[in-house]
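> Got a sequence here, can you model it:
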Amino acid sequence: MKLHVKYDMNNTCRIILQEQLDKLQIPYALTGLGEIEITDSLSTEKYQELEANLAQYAIEIIDNPKNVFVQKIKDTIVEIVYLEEANTNLKTSAYLAEKLNKSYNYIASVFSEVTYTSIQNFIILQKIERAKQEIIEGKDTLTEIAWKLNFSSVAHLSNEFKKNTGLTPTAFKRIIDKRKERMTAPQPQNQTTET
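Below is the predicted model of the structure:
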């Protein structure tokens, strides 16, 4: 049997962080997406234990200030891409500058310096990931998905999707549908014959 699940990455991560901090009895406050304020001193031993526990979930503690800032940029972009309704008036550069309280030029410069890619490329990758999820869920048409993700047209979504995945959204949907068919098709029963 195969189960298909839908999950909210931000919520999932928040729950894991809370569980691990509570388990180690570390006093904390979750202050924002990807931010934890430790409200008491933290021994090296506890820090290392927390770091190891979080690593099991592919969550890492970031020490370098530039890396911390880039993670905030990424988190903000993911937040924008996963907003439930498309906001065609939302200008990403202005939103990032306001949310992170820095000029967009500075934000873009640090981002490309640390990641070796542009903010625009990262946004496209996140949109494609969201488009994949939307296609798998199968509730919306490609036109609706393109609108949700602020692509100018279905053709624009299709071009970016193919450039980043090697498949068109339609081909991706066919593959997903085939997999679902195989998973829901009745499985042949092993029959034993008595002689």
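> chain center to the helix or strand bottoming out on mean pLDDT in the chain: distance?
Using mean pLDDT, DSSP states H and E, strand 28-32 stands out as the lowest-scoring helix or strand of the chain, at a mean of 81. Strand 28-32 has its C-alpha centroid displaced from the chain centroid by 20 Å (CA atoms, centre = their mean, to the nearest Å).
> which of the residues in that strand are buried?
If you call a residue buried by 16 or more other CB atoms under 10 Å, then strand 28-32 has these buried ones: Tyr28. All C-beta spots, glycine's among them, are computed from the backbone N, C-alpha and C.
> helices and strands around the longest helix belonging to the chain, which ones?
Ranked by residue count, the top helix of the chain under DSSP state H comes out as helix 119-137. Counting contacts by 3 or more CB pairs under 8 Å, 6 or more residues apart in numbering; DSSP states H and E, helix 119-137 packs against helix 65-81, helix 92-100, helix 104-115, helix 142-148, helix 154-165, helix 169-184.
> Take the third one, keep the C-alpha atoms, and write them as PDB.
Okay, so that is helix 104-115. Output of helix 104-115 as PDB, limited to C-alpha atoms (Å, rounded to 0.1, in the frame of the first residue of the first chain):
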ATOM      1  CA  TYR A 104      17.700  44.700  -2.500                       C
ATOM      2  CA  ASN A 105      21.100  45.200  -4.100                       C
ATOM      3  CA  TYR A 106      22.800  44.200  -0.900                       C
ATOM      4  CA  ILE A 107      20.500  41.200  -0.500                       C
ATOM      5  CA  ALA A 108      21.100  40.000  -4.100                       C
ATOM      6  CA  SER A 109      24.900  40.600  -3.700                       C
ATOM      7  CA  VAL A 110      25.200  38.500  -0.500                       C
ATOM      8  CA  PHE A 111      22.900  35.800  -1.900                       C
ATOM      9  CA  SER A 112      24.900  35.300  -5.100                       C
ATOM     10  CA  GLU A 113      28.200  35.500  -3.200                       C
ATOM     11  CA  VAL A 114      27.200  32.700  -0.900                       C
ATOM     12  CA  THR A 115      25.100  30.500  -3.200                       C
END
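> do you know how far the nearest residue to Leu54 once chain neighbours are set aside is from Ile62?
Nearest in space to Leu54, with sequence neighbours left out and distances taken as CB to CB, 6 or more residues apart in numbering, is Gln20 at 5.9 Å. Going from Gln20 to Ile62 by CB to CB, to the nearest Å gives 16 Å.
> More neighbours: these two, which one.
A direct count of neighbours by other CB atoms under 10 Å for Gln20 and Ile62 places Gln20 higher, at 18 against 13.
> show me what contacts that one?
50, 53-54 (CB atoms under 8 Å, 6 or more residues apart in numbering).
> Return the members of those residues classed as buried.
Buried among the contacts of Gln20 by 16+ other CB under 10 Å: 50, 53-54.
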